[in-house]
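Chemist: Next come a sequence and a model predicted from it.
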Amino acid sequence: MTKHIDNLFFNRTFVVFILLVVWIIGALSLRFFYHQQVAGYQNPINEQISQRVSMLSVLQAELIDKEFSFVGANLKQLAAMSMEAPEQVATYAERLTNLNPTIWQLYITDNEGVVTFSTSPGYQSPISLRDYFTEHTKHEQTKFFISSPRQSIIQESALYIAMSYPIRDADDQFTGVAVAALKSEDLTAQLGNITKNKNISAVLTDESGKLIWSSSLYEGLQKNDIYSLCKDHRYLTSTELGIHRVQLQNNAQCDFQFLNKWGMFSIIAENRASAEQSIRQYEQQMVTRNFIILIVFTLLLLFLGNQLLKQIESRKLLAVLNHRNKAIIDAMPDLLLTMRVDGKIIDHEVEDSFPLLVDATKLNGMNISELLDADLVEKKLALMAETINTGEPATIEYPLVLDGKEYYFLERLTALDDKHVLAFIIDITSRREAELKLEWQAFHDGLTGLPNRLMFFEFLNKLVQNYRRNKREFTILFIDLNGFKEINDNYGHHVGDEILKHTATQLSRILRETDTVARLGGDEFAVLLPETSPSQAQRVITSIIETIKQPLIHNGKSLSVSASIGMAACPQDATSADELLNAADKRMYEVKSAENKL
């Protein structure tokens, strides 16, 4: 009996011991699995935030650089035009503000800060004390300056930043500044696709951290300095200088790019509050579930149930991550492609309005060689290989023709691993078309379509340089229409415009392809005749006079003008552009005077 009791005690002790050991092993295993599960939930969230702010900071830097380069190039053109062709400044400024909605106001000042031209009517107070004026008076460098956000005096709710460029004469003397005021809300609208996620804020600062622009500034009261920094991927802000107006806390995760050309930081910061809350909720959820599992199930069922729970939780985690990824991708514009290094498309996300070469349902599984030209495919494959090898993102711009229309795209490639890349593609067609249209309008006459004075001088200077290098002579003709004013006064400006267009068409028809005819303004035209001697040019003059005499029939009436033409030859009369044009102008007046005496 005692032996049986002893055996039973031993067996129960052994069983209890085994159960205790198994329970301890199970509890320790459950604790280990708990940390693994939390890490498996937390790490992808942190990695996604890190990749997102890094990618968006680079993308914002590229878009800001392109936007500021576009505005800066046209501001530089406006400054040059204020010296060379001031009569065209108002028209050019109006076209520029119409084509680029970010530009709120354009104005030009003299060297004392007095506004001499503005796109806004009414009195404009001097800007001699503004930093975007004083910066150019302190330094002699010819470079751009971008101010901190300011509040409009006229429209108090309007915030703007100012980009300025110094105006210098031929002797490099400071004569004033050209300023473009960029309205903060319009700049935010241009870059708004980057910050569609309510937890993400975009910030631009100068090298010291002084705020230039933020997508989350409140309106009004922006006269104090504001400082923002991104240090160790944490967003730091001043608590004493009004930084509460930026809707981010110091726990935001951020990344930045430095734009050397503009001397500023492009910062993207994402508020981690919702992510941290989600992680804490998940941790609490896992503690509760695992405690219940440890009590209810046997050690064996606990082990099996824990494995099953891991699979279920892994699937839930994957679904949550996929849902988050889809929400992020849906908030981004245009097209996202996951591709192999050989160009095969693995997956895609596309905006409904984005133009595609094939139906979106057919993209997965296709190779880019089936969609694009061989040259473009070769370039993209080379960039993909380079991105994977170096780990550095790459960017390419290219045109494509879809349904008979030409589109332009900006594509950014980022390596996912050693065999796959992520392609982020944006449609930049409208911006490209605006740039080309503005570039054409800057160098052509809007009425006749001929080159204007700026382009004429560019061609003339090239011929002068060609003469100095290769000694190739050329001739310049200065044409003034006789009788144009009478037609303009008697029949109206619209008939005068028809005379000018008729004259431009006739001149273009009789001249060679190598010749250049331009409208300098009013009823004045000029012609460049490369590799043409004065005697040869005389025959051209005779042909032009006879051609211009041909009448224009308007409403049954025959209207005609004549031409007085002055000629100057290089090198016989001069060897510089200004002297040649002045000589031709003088000869034209001599011809007109002689004709009036007859």
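Modeler: Yep, that arrived.

Chemist: which intervals of the protein have sub-threshold pLDDT?
Modeler: Counting by pLDDT under 70, the chain contains low-confidence ranges at 1-23, 123, 150-158, 190-197, 216-251, 296-333, 352-353, 357, 360, 598.

Chemist: Quickly list the domain ranges of it.
Modeler: 2-56+280-330, 333-431, 444-597 (automatic domain parsing).

Chemist: For Asp172, find the nearest of these.
Modeler: Among those, the nearest to Asp172 by CB to CB is domain 444-597 (17.4 Å). All C-beta spots, glycine's among them, are computed from the backbone N, C-alpha and C.

Chemist: From Phe265, how far out is Ile108?
Modeler: 30 Å (CB to CB, to the nearest Å).

Chemist: sorry, that was for Glu473
Modeler: Distance, Glu473 to Phe265, using CB to CB: 55 Å.

Chemist: More neighbours: the two, which one.
Modeler: The residue with more neighbours, out of Glu473 and Phe265, is Phe265; 22 against 18, by other CB atoms under 10 Å.

Chemist: Name the residues linked to that one by a beta bridge.
Modeler: Note on Phe265: beta-bridge partners by DSSP bridges are Thr205, Phe258.

Chemist: Contacts only, for it.
Modeler: Val203, Leu204, Thr205, Asp206, Glu207, Gly209, Cys230, Phe256, Gln257, Phe258, Leu259 (CB atoms under 8 Å, 6 or more residues apart in numbering).

Chemist: how does it look with 10 Å?
Modeler: 57, 61, 203-209, 212, 228-230, 256-259 (CB atoms under 10 Å, 6 or more residues apart in numbering).

Chemist: do the same with Thr542
Modeler: Residues in contact with Thr542 (CB under 10 Å, 6+ apart) are Ile565.

Chemist: any idea how far the helix or strand harbouring it is from the chain center?
Modeler: Per DSSP states H and E, Thr542 falls inside helix 534-549. In terms of CA atoms, centre = their mean, to the nearest Å, the centre of helix 534-549 is found 48 Å from the chain centre.

Chemist: now do stretch 482-498
Modeler: Put simply, stretch 482-498 sits 44 Å off its chain's centre (CA atoms, centre = their mean).

Chemist: any idea where the strands of the stretch 251-400 of the chain begin and end?
Modeler: 253-259, 264-270, 335-340, 345-350, 394-402 (DSSP state E, counting those that start in this stretch).

Chemist: Let me have these in JSON lines, extended by distance to Arg512.
Modeler: JSON lines is the format used below for the strands of the stretch 251-400 of the chain (distance: least, CB to CB, whole Å):
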{"stretch": "strand 253-259", "distance to Arg512": "47"}
{"stretch": "strand 264-270", "distance to Arg512": "50"}
{"stretch": "strand 335-340", "distance to Arg512": "47"}
{"stretch": "strand 345-350", "distance to Arg512": "50"}
{"stretch": "strand 394-402", "distance to Arg512": "32"}
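
Chemist: most packed of the ones you listed?
Modeler: Mean neighbours per residue, mean count of other CB atoms under 10 Å, is largest over the strands of the stretch 251-400 of the chain for strand 264-270, with a mean of 26.

Chemist: could you pull out the strands for the stretch 401-550 of the chain?
Modeler: Taking DSSP E, counting those that start in this stretch to define them, one finds strands in the stretch 401-550 of the chain at 405-415, 420-427, 474-482, 516-521, 524-530.

Chemist: Let me have the ones you listed in a markdown table, adding distance to Asn74 and mean neighbour count as columns.
Modeler: What follows is the strands of the stretch 401-550 of the chain, written out as a markdown table (distance: least, CB to CB, whole Å; neighbours: other CB atoms under 10 Å):
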| stretch | distance to Asn74 | mean neighbour count |
| --- | --- | --- |
| strand 405-415 | 19 | 18 |
| strand 420-427 | 22 | 20 |
| strand 474-482 | 29 | 23 |
| strand 516-521 | 21 | 22 |
| strand 524-530 | 25 | 22 |
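
Chemist: now for those, which one comes closest to Arg168?
Modeler: The closest of those to Arg168 is strand 516-521. By CB to CB, the value is 24.1 Å.

Chemist: Counting neighbours, what do you get for the residue nearest to Thr119 when sequence neighbours are not counted?
Modeler: Nearest residue to Thr119, sequence neighbours excluded (CB to CB, 6 or more residues apart in numbering): Leu106, at 4.8 Å. Neighbours of Leu106 under the rule other CB under 10 Å: 24.

Chemist: List the strands paired with whichever strand or helix holds Leu106, with their directions.
Modeler: If you go by DSSP H and E, Leu106 is part of strand 103-109. Under the criterion DSSP bridges, strand 103-109 sits next to strand 115-118 (antiparallel), strand 174-183 (antiparallel) in its sheet.

Chemist: Would you mind extracting the C-alpha trace of that strand into PDB?
Modeler: Presented in PDB, the C-alpha positions along strand 103-109 are these (Å, rounded to 0.1, in the frame of the first residue of the first chain):
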ATOM      1  CA  ILE A 103       3.000  84.100 -58.100                       C
ATOM      2  CA  TRP A 104       0.800  86.600 -56.300                       C
ATOM      3  CA  GLN A 105       2.500  89.800 -57.100                       C
ATOM      4  CA  LEU A 106       5.500  91.000 -59.200                       C
ATOM      5  CA  TYR A 107       7.100  94.400 -58.800                       C
ATOM      6  CA  ILE A 108      10.400  96.200 -59.600                       C
ATOM      7  CA  THR A 109      12.100  98.900 -57.500                       C
END
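
Chemist: Check the offset of that strand from the chain's centre.
Modeler: 20 Å.

Chemist: before we move on, what about stretch 28-48?
Modeler: Taking CA atoms, centre = their mean, one finds the center of stretch 28-48 at 41 Å from the center of the full chain.

Chemist: Could you list the buried residues of that stretch?
Modeler: Of the residues in stretch 28-48, those buried under the neighbour-count criterion (16 or more other CB atoms under 10 Å) are Leu30, Phe33, Tyr34, Gln37, Val38, Gly40, Tyr41, Gln42, Pro44, Ile45, Gln48.

Chemist: From Ser533, how far out is the nearest residue to Pro530 once chain neighbours are set aside?
Modeler: Residue nearest to Pro530 in three dimensions, not counting chain neighbours: Phe474, with 4.9 Å by CB to CB, 6+ apart. Distance of Phe474 to Ser533, given as CB to CB: 9 Å.

Chemist: what sits in contact with each of these two?
Modeler: Residues touching both Phe474 and Ser533 (CB under 10 Å, 6+ apart): Ala569.

Chemist: which element follows the longest helix that the chain contains toward the C-terminus?
Modeler: Looking across the chain with DSSP state H, the single longest helix is helix 2-84. Downstream of helix 2-84, the first helix or strand assigned by DSSP H and E is helix 89-99.
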